[in-house]
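Colleague: Return a 3D structure for these sequence lines:
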Amino acid sequence: MSLAGFLAHSALAAARDQSRTAATIATERDVLTELFAMRRQLGWAGSNLNQVAKALNSGGDVPYVKEVLGDVLRAAKAVKKAVDRVANPQEQQEGEAA
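Modeller: Prediction:
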């Protein structure tokens, strides 16, 4: 499923569920906001990696390769965090209650 499809499916499923609390809705909204931000980050990181690959393939030097890899690592960690929040919503709510 594409990211856009997942977001649309999630939004429609959330709209149909009348038993959700305001806290649950706020948490879901936060997760969706985070996912959209990650989509942008991954786009930027992918663009940077393409530039690095192009420079390396043409025999150039890439002095900023550590920064690019850092961007990718940060984006990957953000994706993991959001996926964990989606996959384990009960743990997220328990952590907020503590």
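Colleague: Would you mind measuring from D61 to A55?
Modeller: Plainly put, D61 is 7 Å away from A55 if you go by CB to CB, to the nearest Å. Heads up, the C-betas are built off the backbone N, CA and C, glycines and all.
Colleague: Next: G43.
Modeller: Remark: distance between G43 and A55 (CB to CB) = 19 Å.
Colleague: With neighbour numbers in mind, choose between these two.
Modeller: A55 (15 against 11; other CB atoms under 10 Å).
Colleague: any weak-confidence spans in the protein?
Modeller: Flagging of the chain using pLDDT under 70 yields the residue ranges 1, 14-27, 89-98.
Colleague: now the residue lying farthest from the centre of it, what's its secondary structure?
Modeller: Relative to the centre of the chain, the most outlying C-alpha is that of G59, 33.0 Å out, by CA atoms, centre = their mean. At G59 the chain is in coil, as set by DSSP: H, G, I helix; E, B strand; the rest coil.
Colleague: repeat for the one 4 residues further on
Modeller: At P63 the chain is in coil, as set by three-state DSSP.
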